[in-house]
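Novice: Requesting a structural model of the entry that follows:
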Amino acid sequence: MDPKGGSELQLAFLNKHVKKDLLDKFSITLSVPESKPLDKNKINILWLKNSYNQPNLMPWFSDKKNHDKYDWYVFNSHWSYEKFRMAYDVPTKRCVVIKNGLGPVKLKTNFYKKGDKLRILYHSTPWRGLNVLLGAMQLVKSNVELDVYSSTQIYGDHFKKEFDHEYADLYKQAEDLPNVNYMGYQDHQYLVDNLPTYDALVYPSIFEETFCNAAVEALACGLFMVCTNYGALFETCGEFPVYVPYEDDYEKLSRQFAFAIDEIPNQLAQPACIDQLKFQQKYFNYFYTWEKKKMDWINFLTGVSNARTK
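Specialist: Predicted structure coming up:
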(Lines give C-alpha, C1' and ligand atoms only; values in the text may rest on other atoms or scores of the structure.)
Protein backbone atom coordinates (compact mmCIF):
# COMPACT_ATOMS: atom_id res chain seq x y z
CA MET A 1 0.00 0.00 0.00
CA ASP A 2 1.25 3.48 -0.89
CA PRO A 3 1.15 6.30 1.67
CA LYS A 4 -2.35 7.74 2.15
CA GLY A 5 -1.84 10.40 4.79
CA GLY A 6 -3.35 13.85 4.93
CA SER A 7 -0.82 15.33 2.50
CA GLU A 8 -1.56 12.74 -0.17
CA LEU A 9 -5.31 13.25 0.28
CA GLN A 10 -4.95 17.00 -0.11
CA LEU A 11 -2.95 16.58 -3.31
CA ALA A 12 -5.63 14.24 -4.65
CA PHE A 13 -8.30 16.84 -3.85
CA LEU A 14 -6.26 19.54 -5.58
CA ASN A 15 -5.91 17.43 -8.72
CA LYS A 16 -9.66 16.74 -8.66
CA HIS A 17 -10.83 20.33 -8.21
CA VAL A 18 -8.33 22.38 -10.25
CA LYS A 19 -8.18 22.02 -14.02
CA LYS A 20 -5.26 20.04 -15.39
CA ASP A 21 -4.22 22.69 -17.91
CA LEU A 22 -3.59 25.13 -15.06
CA LEU A 23 -1.84 22.57 -12.82
CA ASP A 24 0.38 21.50 -15.72
CA LYS A 25 2.15 24.86 -15.53
CA PHE A 26 3.46 23.96 -12.09
CA SER A 27 5.58 21.34 -10.41
CA ILE A 28 4.26 20.88 -6.86
CA THR A 29 6.38 19.06 -4.29
CA LEU A 30 4.80 17.88 -1.04
CA SER A 31 6.59 18.87 2.18
CA VAL A 32 10.07 17.39 1.68
CA PRO A 33 12.27 19.66 -0.48
CA GLU A 34 13.62 18.05 -3.65
CA SER A 35 11.83 14.77 -2.91
CA LYS A 36 11.06 15.00 -6.60
CA PRO A 37 13.27 16.73 -9.18
CA LEU A 38 12.83 20.44 -9.80
CA ASP A 39 11.44 21.25 -13.25
CA LYS A 40 13.16 24.17 -14.96
CA ASN A 41 10.30 24.41 -17.47
CA LYS A 42 7.62 24.88 -14.81
CA ILE A 43 6.92 27.04 -11.78
CA ASN A 44 8.17 25.09 -8.79
CA ILE A 45 6.10 25.12 -5.60
CA LEU A 46 6.93 23.52 -2.27
CA TRP A 47 3.64 22.75 -0.49
CA LEU A 48 4.61 22.43 3.15
CA LYS A 49 2.60 20.15 5.42
CA ASN A 50 5.35 19.09 7.83
CA SER A 51 6.40 21.06 10.88
CA TYR A 52 9.46 23.31 10.79
CA ASN A 53 11.42 21.16 13.26
CA GLN A 54 11.20 17.80 11.47
CA PRO A 55 14.60 16.24 10.73
CA ASN A 56 13.88 15.70 7.03
CA LEU A 57 13.43 19.46 6.57
CA MET A 58 15.89 21.16 8.91
CA PRO A 59 19.19 20.68 7.02
CA TRP A 60 17.72 21.87 3.71
CA PHE A 61 16.06 24.98 5.13
CA SER A 62 19.06 25.82 7.32
CA ASP A 63 21.10 26.38 4.14
CA LYS A 64 19.66 29.62 2.79
CA LYS A 65 21.18 28.99 -0.63
CA ASN A 66 18.43 26.42 -1.11
CA HIS A 67 15.61 28.90 -0.67
CA ASP A 68 15.78 30.17 -4.26
CA LYS A 69 15.27 26.70 -5.68
CA TYR A 70 11.51 27.06 -5.34
CA ASP A 71 9.49 29.87 -6.86
CA TRP A 72 6.79 29.70 -4.19
CA TYR A 73 6.17 28.20 -0.77
CA VAL A 74 2.61 27.27 0.26
CA PHE A 75 1.83 26.74 3.95
CA ASN A 76 -1.35 25.22 5.38
CA SER A 77 -1.53 27.52 8.41
CA HIS A 78 -0.27 30.90 9.54
CA TRP A 79 1.27 29.13 12.54
CA SER A 80 3.41 27.01 10.22
CA TYR A 81 4.40 29.99 8.07
CA GLU A 82 5.49 32.00 11.11
CA LYS A 83 7.53 29.09 12.47
CA PHE A 84 9.40 28.70 9.16
CA ARG A 85 9.87 32.45 8.88
CA MET A 86 11.38 32.75 12.34
CA ALA A 87 13.47 29.56 12.15
CA TYR A 88 14.85 29.87 8.62
CA ASP A 89 14.09 33.37 7.33
CA VAL A 90 12.19 31.99 4.34
CA PRO A 91 11.59 34.49 1.51
CA THR A 92 8.32 36.06 2.69
CA LYS A 93 7.53 37.63 -0.71
CA ARG A 94 7.24 34.14 -2.15
CA CYS A 95 5.18 32.60 0.63
CA VAL A 96 1.42 32.15 0.81
CA VAL A 97 -0.96 30.48 3.26
CA ILE A 98 -3.73 28.29 1.82
CA LYS A 99 -5.41 26.13 4.41
CA ASN A 100 -6.35 22.52 3.77
CA GLY A 101 -9.69 21.67 2.22
CA LEU A 102 -12.44 19.39 3.46
CA GLY A 103 -13.99 16.58 1.45
CA PRO A 104 -17.63 15.52 1.85
CA VAL A 105 -18.60 14.46 5.38
CA LYS A 106 -21.81 13.05 6.79
CA LEU A 107 -23.55 15.27 9.34
CA LYS A 108 -24.33 13.95 12.78
CA THR A 109 -28.05 14.22 13.53
CA ASN A 110 -28.49 11.86 16.48
CA PHE A 111 -26.78 13.72 19.29
CA TYR A 112 -25.86 12.41 22.74
CA LYS A 113 -28.66 12.15 25.31
CA LYS A 114 -28.20 12.10 29.05
CA GLY A 115 -27.68 8.56 30.30
CA ASP A 116 -26.20 7.27 27.03
CA LYS A 117 -22.80 5.65 26.96
CA LEU A 118 -20.42 8.28 25.61
CA ARG A 119 -18.72 7.08 22.41
CA ILE A 120 -15.41 8.78 21.65
CA LEU A 121 -12.62 8.14 19.18
CA TYR A 122 -8.95 8.78 18.54
CA HIS A 123 -7.65 8.44 15.00
CA SER A 124 -4.09 9.51 14.49
CA THR A 125 -0.64 8.00 14.52
CA PRO A 126 0.44 6.49 17.85
CA TRP A 127 3.18 9.04 18.59
CA ARG A 128 0.83 12.01 18.57
CA GLY A 129 -0.70 11.48 22.01
CA LEU A 130 -2.08 7.95 22.24
CA ASN A 131 0.06 7.28 25.32
CA VAL A 132 -1.49 10.28 27.08
CA LEU A 133 -5.02 9.26 26.12
CA LEU A 134 -4.63 5.67 27.31
CA GLY A 135 -3.35 7.04 30.60
CA ALA A 136 -6.44 9.24 30.82
CA MET A 137 -8.78 6.33 30.08
CA GLN A 138 -7.50 4.56 33.18
CA LEU A 139 -8.65 7.53 35.25
CA VAL A 140 -12.05 8.42 33.76
CA LYS A 141 -15.10 7.82 35.93
CA SER A 142 -17.91 8.35 33.42
CA ASN A 143 -19.67 5.77 31.25
CA VAL A 144 -17.43 6.12 28.19
CA GLU A 145 -16.03 3.89 25.47
CA LEU A 146 -13.04 4.82 23.31
CA ASP A 147 -12.30 3.43 19.85
CA VAL A 148 -8.65 3.80 18.84
CA TYR A 149 -7.78 3.88 15.15
CA SER A 150 -4.01 4.10 15.15
CA SER A 151 -1.26 2.57 13.05
CA THR A 152 1.75 3.51 10.98
CA GLN A 153 0.06 1.86 7.96
CA ILE A 154 -1.11 5.27 6.78
CA TYR A 155 2.45 5.99 5.63
CA GLY A 156 2.64 2.84 3.52
CA ASP A 157 3.77 -0.75 3.84
CA HIS A 158 7.48 0.03 3.99
CA PHE A 159 7.06 2.54 6.82
CA LYS A 160 4.86 0.13 8.76
CA LYS A 161 7.32 -2.71 8.39
CA GLU A 162 10.16 -0.54 9.65
CA PHE A 163 8.48 1.31 12.51
CA ASP A 164 5.17 -0.24 13.61
CA HIS A 165 6.82 -2.65 16.04
CA GLU A 166 7.97 0.32 18.13
CA TYR A 167 4.35 0.89 19.19
CA ALA A 168 3.35 -2.73 19.84
CA ASP A 169 3.22 -2.18 23.61
CA LEU A 170 0.94 0.82 23.15
CA TYR A 171 -1.42 -1.14 20.88
CA LYS A 172 -1.46 -3.98 23.42
CA GLN A 173 -2.34 -1.54 26.20
CA ALA A 174 -5.26 -0.28 24.11
CA GLU A 175 -6.43 -3.85 23.54
CA ASP A 176 -6.29 -4.68 27.25
CA LEU A 177 -8.10 -1.68 28.71
CA PRO A 178 -11.78 -2.49 29.44
CA ASN A 179 -13.14 0.85 28.18
CA VAL A 180 -11.00 0.93 25.01
CA ASN A 181 -11.36 -0.88 21.66
CA TYR A 182 -8.24 -1.04 19.51
CA MET A 183 -9.45 -0.85 15.91
CA GLY A 184 -6.07 -0.80 14.16
CA TYR A 185 -5.90 0.78 10.71
CA GLN A 186 -8.95 1.80 8.69
CA ASP A 187 -8.82 3.85 5.53
CA HIS A 188 -9.84 7.48 5.40
CA GLN A 189 -13.24 6.92 3.78
CA TYR A 190 -14.24 4.39 6.42
CA LEU A 191 -13.38 6.86 9.18
CA VAL A 192 -15.24 9.74 7.56
CA ASP A 193 -18.32 7.58 6.96
CA ASN A 194 -18.39 6.43 10.58
CA LEU A 195 -17.76 9.75 12.32
CA PRO A 196 -21.50 10.35 12.99
CA THR A 197 -21.62 7.21 15.15
CA TYR A 198 -19.40 8.93 17.72
CA ASP A 199 -20.07 11.74 20.17
CA ALA A 200 -16.59 13.25 20.46
CA LEU A 201 -13.09 13.29 19.04
CA VAL A 202 -10.44 13.28 21.76
CA TYR A 203 -6.94 14.31 20.75
CA PRO A 204 -4.35 15.01 23.47
CA SER A 205 -1.85 16.04 20.83
CA ILE A 206 1.79 16.09 21.88
CA PHE A 207 2.81 16.66 18.24
CA GLU A 208 2.97 20.09 16.65
CA GLU A 209 0.23 19.84 14.05
CA THR A 210 0.50 22.31 11.19
CA PHE A 211 -3.24 21.97 10.51
CA CYS A 212 -5.03 18.68 11.47
CA ASN A 213 -7.44 17.33 8.87
CA ALA A 214 -8.94 14.85 11.33
CA ALA A 215 -10.04 17.67 13.60
CA VAL A 216 -11.72 19.64 10.81
CA GLU A 217 -13.57 16.55 9.58
CA ALA A 218 -14.83 15.75 13.08
CA LEU A 219 -15.92 19.33 13.73
CA ALA A 220 -17.65 19.51 10.33
CA CYS A 221 -19.49 16.30 11.14
CA GLY A 222 -20.75 17.79 14.41
CA LEU A 223 -18.65 15.99 16.99
CA PHE A 224 -17.71 17.50 20.32
CA MET A 225 -13.93 17.82 20.56
CA VAL A 226 -11.34 17.90 23.31
CA CYS A 227 -7.73 18.56 22.34
CA THR A 228 -4.57 20.29 23.44
CA ASN A 229 -3.70 23.77 22.24
CA TYR A 230 -0.42 22.58 20.74
CA GLY A 231 0.90 23.67 17.35
CA ALA A 232 -1.70 25.02 14.91
CA LEU A 233 -4.68 23.32 16.57
CA PHE A 234 -6.12 26.54 17.98
CA GLU A 235 -5.82 28.31 14.63
CA THR A 236 -7.44 25.38 12.81
CA CYS A 237 -10.25 24.64 15.26
CA GLY A 238 -11.01 28.12 16.59
CA GLU A 239 -13.32 28.49 19.57
CA PHE A 240 -15.15 25.21 19.07
CA PRO A 241 -13.21 22.55 21.00
CA VAL A 242 -12.48 22.31 24.70
CA TYR A 243 -8.75 22.94 24.97
CA VAL A 244 -6.54 21.28 27.55
CA PRO A 245 -3.33 23.32 27.85
CA TYR A 246 -0.34 21.43 26.50
CA GLU A 247 1.86 20.01 29.22
CA ASP A 248 5.14 18.12 28.70
CA ASP A 249 4.54 16.25 31.95
CA TYR A 250 2.48 13.53 30.28
CA GLU A 251 1.15 12.05 33.53
CA LYS A 252 -0.23 15.45 34.47
CA LEU A 253 -1.63 15.89 30.96
CA SER A 254 -3.38 12.51 31.25
CA ARG A 255 -5.03 13.59 34.52
CA GLN A 256 -6.19 16.85 32.97
CA PHE A 257 -7.52 15.02 29.93
CA ALA A 258 -9.37 12.48 32.05
CA PHE A 259 -11.16 15.34 33.81
CA ALA A 260 -12.05 16.91 30.44
CA ILE A 261 -13.46 13.60 29.15
CA ASP A 262 -15.55 13.15 32.29
CA GLU A 263 -17.05 16.59 31.67
CA ILE A 264 -18.19 15.82 28.11
CA PRO A 265 -21.53 14.20 29.12
CA ASN A 266 -22.38 17.23 31.26
CA GLN A 267 -21.59 19.55 28.37
CA LEU A 268 -23.58 17.54 25.83
CA ALA A 269 -26.59 17.42 28.15
CA GLN A 270 -26.98 21.18 27.70
CA PRO A 271 -29.25 22.29 24.81
CA ALA A 272 -26.92 25.23 24.15
CA CYS A 273 -24.08 22.80 23.47
CA ILE A 274 -26.10 20.95 20.83
CA ASP A 275 -26.96 24.30 19.23
CA GLN A 276 -23.24 25.08 19.09
CA LEU A 277 -22.48 21.73 17.45
CA LYS A 278 -25.08 22.45 14.76
CA PHE A 279 -23.55 25.88 14.16
CA GLN A 280 -20.12 24.24 14.08
CA GLN A 281 -21.33 21.95 11.28
CA LYS A 282 -22.41 24.96 9.23
CA TYR A 283 -19.19 26.85 9.91
CA PHE A 284 -16.72 24.15 8.86
CA ASN A 285 -18.82 22.98 5.93
CA TYR A 286 -18.85 26.55 4.63
CA PHE A 287 -15.29 27.75 5.19
CA TYR A 288 -13.28 24.56 4.70
CA THR A 289 -14.83 22.68 1.79
CA TRP A 290 -12.75 22.09 -1.32
CA GLU A 291 -15.46 23.87 -3.29
CA LYS A 292 -14.27 26.99 -1.43
CA LYS A 293 -10.57 26.17 -1.11
CA LYS A 294 -10.25 25.43 -4.82
CA MET A 295 -10.85 29.13 -5.50
CA ASP A 296 -7.92 30.06 -3.25
CA TRP A 297 -5.74 27.74 -5.31
CA ILE A 298 -7.13 28.81 -8.68
CA ASN A 299 -6.66 32.50 -7.87
CA PHE A 300 -3.14 31.92 -6.58
CA LEU A 301 -2.00 29.72 -9.46
CA THR A 302 -3.60 31.94 -12.11
CA GLY A 303 -1.99 35.05 -10.65
CA VAL A 304 1.44 33.45 -10.47
CA SER A 305 1.14 32.09 -14.00
CA ASN A 306 0.01 35.41 -15.42
CA ALA A 307 2.84 37.24 -13.67
CA ARG A 308 5.37 34.80 -15.14
CA THR A 309 4.16 35.35 -18.71
CA LYS A 310 4.24 39.16 -18.58
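Novice: Let me see the domain layout of this protein.
Specialist: For the chain, the structural domains run 6-101+289-309, 118-287, going by automatic domain parsing.
Novice: got those as a markdown table, with mean neighbour count columns?
Specialist: For every residue, glycine as well, the C-beta is placed using N, CA and C. As requested, the domains of the chain are exported to a markdown table (neighbours: other Cβ atoms under 10 Å):
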| stretch | mean neighbour count |
| --- | --- |
| domain 6-101+289-309 | 15 |
| domain 118-287 | 19 |
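Novice: Any chance of CSV for those, columns distance to residue 108 and mean pLDDT?
Specialist: Shown next, in CSV, are the domains of the chain (distance: least, Cβ to Cβ, whole Å; pLDDT from 0 to 100):
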stretch, distance to residue 108, mean pLDDT
domain 6-101+289-309, 17, 96
domain 118-287, 4, 96
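Novice: Now residue 298: closest residue in space that isn't a chain neighbour?
Specialist: The shortest distance from residue 298 to any non-neighbouring residue, by Cβ to Cβ, 6 or more residues apart in numbering, is to residue 18 (6.0 Å).
Novice: how near is that neighbour to residue 27?
Specialist: Distance of residue 18 to residue 27, given as Cβ to Cβ, to the nearest Å: 14 Å.
Novice: One more: residue 35?
Specialist: Taken as Cβ to Cβ, the span from residue 35 to residue 27 is 12 Å.
Novice: thinking again about what came up before, and the domains of the chain: which comes nearest residue 112?
Specialist: The closest of those to residue 112 is domain 118-287. By Cβ to Cβ, the value is 4.2 Å.
Novice: where does the closest one sit relative to the chain's centre, distance-wise?
Specialist: The chain centroid and the centroid of domain 118-287 are separated by 11 Å, computed with Cα atoms, centre = their mean, to the nearest Å.
Novice: Ends of it, what's the gap?
Specialist: Taking Cα to Cα, to the nearest Å as the measure, domain 118-287 stretches 29 Å from start to finish.
Novice: Can you point out the helix or strand that includes the nearest residue to residue 33 once chain neighbours are set aside?
Specialist: Nearest residue to residue 33 in three dimensions, chain neighbours excluded: residue 60, at 4.5 Å (Cβ to Cβ, 6+ apart). According to DSSP states H and E, residue 60 maps onto helix 58-62.
Novice: got the contact list for residue 212?
Specialist: 203, 205, 231-233, 236-237 (Cβ atoms under 8 Å, 6 or more residues apart in numbering).
Novice: Including secondary structure and distance to residue 160, could those go into a markdown table?
Specialist: Below are the contacts of residue 212 laid out as a markdown table (DSSP: H, G, I helix; E, B strand; the rest coil; distance: Cβ to Cβ, whole Å):
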| residue | secondary structure | distance to residue 160 |
| --- | --- | --- |
| 203 | strand | 22 |
| 205 | coil | 22 |
| 231 | coil | 24 |
| 232 | coil | 26 |
| 233 | helix | 26 |
| 236 | helix | 27 |
| 237 | helix | 29 |
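Novice: In a markdown table, list those along with distance to residue 264.
Specialist: Formatted as a markdown table, the contacts of residue 212 follow (distance: Cβ to Cβ, whole Å):
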| residue | distance to residue 264 |
| --- | --- |
| 203 | 13 |
| 205 | 17 |
| 231 | 23 |
| 232 | 23 |
| 233 | 18 |
| 236 | 20 |
| 237 | 16 |
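Novice: so residue 245 touches residue 228, yeah?
Specialist: Yes. Judged on Cβ atoms under 8 Å, residue 245 makes contact with residue 228 at a distance of 7.1 Å.
Novice: Show me where this protein has its strands.
Specialist: Along the chain, counting by DSSP state E, strands occupy 26-30, 43-48, 72-75, 95-97, 118-123, 144-149, 180-182, 200-203, 224-228, 242-244.
Novice: OK, contacts around the residue lying closest to residue 143 once chain neighbours are set aside?
Specialist: Excluding the flanking residues, the one nearest residue 143 by Cβ to Cβ, 6+ apart is residue 117, at 5.0 Å. Residues near residue 117 by Cβ under 8 Å, 6+ apart: 143-145.
Novice: ok, so of those, who is nearest residue 188?
Specialist: residue 145 (22.6 Å).
Novice: So what touches stretch 252-264?
Specialist: So stretch 252-264 is contacted by 118, 120, 132-133, 135-142, 144, 199-200, 202, 204, 206, 224, 226, 228, 242, 244-247 (Cβ under 8 Å, 6+ apart).
Novice: hmm, 10 Å instead?
Specialist: 112, 118, 120, 129, 131-142, 144, 146, 199-200, 202-204, 206, 224-228, 241-247, 249-250, 267, 273 (Cβ atoms under 10 Å, 6 or more residues apart in numbering).
Novice: which ones are touching residue 175?
Specialist: Taking Cβ under 10 Å, 6+ apart, we find residue 175 in contact with 148, 181-182, 184.
Novice: Show the contacting residues for the residue nearest to residue 9 when sequence neighbours are not counted.
Specialist: Nearest non-adjacent residue to residue 9, counting by Cβ to Cβ, 6+ apart: residue 188, 6.2 Å away. By Cβ under 10 Å, 6+ apart, the contact set of residue 188 is 4-6, 8-9, 103, 123, 154, 213-214, 217.
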